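Enquirer: could you look at this predicted model? Sequence included:
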Amino acid sequence: MDNRAPIDDERRKEVGTAAADSVRVSVVQDTPPSVPDFTQWPSFPFEGDLRVKQLDDPVPVEPPRRGEGNRECTACNAPDEAYIWVGERWRVRAMDRPTGLPMVLILESRSHLDLGDLPNLLAAELGVMTVRLERAIRSLDGVARVHVNRWGDGSAHLHMWFLARPYGRLQLRGTFLSLWDSILPAISESQWRENLALVAAWLAEFGGRPLAEPPRIQWQAPSSFSSSAPESVAADAEETASVIEAAEEIPEPENDAALESPLEPENGPAKKESAAAPVE
């Protein structure tokens, strides 16, 4: 027999109200997603009001990339002279002009293969070449770190990006370095060419052929003095190419002599001493 006292209607209302207040159930409005937390990071290059773009519907079939299907491959058709260092199975090239970072380089395989298509030999050599090129770029003055990236949505030919982060520029740390490359003022062409020559010479210590040359010294005295800016300064002010604008990364609508062991020799190319402390 149930001996509990009956609950009157007024008591039922009080119990229901208390339960509702404790749960605090509310209707979720159909609002667009808010911007993610990384927009508040110090390394995020933009500020002000931002909003998330509407996500397009997925396409049933993705369009072919360059070098895929019947599309021409730019890398396969490029001559060695377009690169700063070449070997039998690998080549290294730069952007066509200076950008905001101290160095931006691209490592390419000679063979028309994508990353997942590499046979074991080339896969092992890719690791060796990645380490060598990272060390070569990091040996430059003013470079604290080298970011290595692979996207590949625009081209089917394997290409790895190497981006040098300037020493002391802590705001450029992390995943937005390629965006900052388009924002920062371009470095001088003379410094850029000198850096290219140094990296090419560093790689040539292990084989291959360096093609980048340091800038020539201009010995001519000016014929007249003028307040106008020199041509080199004007050229630096031009719009520069950048990582995110490179053709290889913009999707469009519809045989090096055997490399040494993956372990670098102890007496490899000398690297400059750096006072950089590791930054986690």
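Expert: Yes, it's here. Numbers count the residues shown, from 1 in each chain.
Enquirer: hang on, residue 83 packs against residue 93?
Expert: Yes. Residue 83 lies in contact with residue 93 (C-beta atoms under 8 Å); the separation is 4.4 Å. The C-beta positions use only the backbone N, C-alpha and C, and glycine is treated the same way.
Enquirer: so which residues of this protein form helices?
Expert: Under the criterion DSSP state H, helices of the chain are mapped to 9-23, 74-77, 120-138, 177-183, 189-204, 231-236.
Enquirer: out of those, which gets the lowest mean score?
Expert: Lowest mean pLDDT of the helices of the chain: helix 231-236, a mean of 43.
Enquirer: count the neighbours of residue 86 for me.
Expert: By the criterion of other C-beta atoms under 10 Å, residue 86 has 24 neighbours.
Enquirer: and residue 64, by the same measure?
Expert: Counted with other C-beta under 10 Å, residue 64 comes out at 13.
Enquirer: name the nearest residue to it, sequence neighbours excluded.
Expert: residue 71 (5.3 Å; C-beta to C-beta, 6 or more residues apart in numbering).
Enquirer: the one you found and residue 118: what is the separation?
Expert: Computed as C-beta to C-beta, to the nearest Å, the residue 71 to residue 118 distance reads 21 Å.
Enquirer: kindly report the same for residue 60.
Expert: Using C-beta to C-beta, one gets 29 Å for the distance from residue 60 to residue 118.
Enquirer: and the two? Which one has more around it.
Expert: Shown here are residue 60 and residue 118; by other C-beta under 10 Å, residue 118 has more neighbours (16 against 5).
Enquirer: the more buried one against residue 158, yeah?
Expert: Yes. Contact criterion C-beta under 8 Å: residue 118 and residue 158 qualify, at 7.2 Å.
Enquirer: shared neighbours, the two?
Expert: residue 109 (C-beta atoms under 8 Å, 6 or more residues apart in numbering).
Enquirer: show me what contacts residue 172?
Expert: Here residue 172 is in contact with 43, 165-166, 180 (C-beta under 8 Å, 6+ apart).
Enquirer: I'd say residue 149 and residue 175 touch.
Expert: No. Using C-beta under 8 Å, residue 149 is not in contact with residue 175; the gap is 9.4 Å.
Enquirer: before we move on, back to that, most neighbours among the contacts of residue 172, which one?
Expert: Going by other C-beta under 10 Å, residue 165 tops these with 24 neighbours.
Enquirer: ignoring the adjacent residues along the chain, who's closest to it?
Expert: Here the residue nearest residue 165, using C-beta to C-beta, 6+ apart, is residue 145, at 4.4 Å.
Enquirer: distance of that neighbour from residue 172?
Expert: 9 Å.
Enquirer: which residues do the two both contact?
Expert: residue 165.
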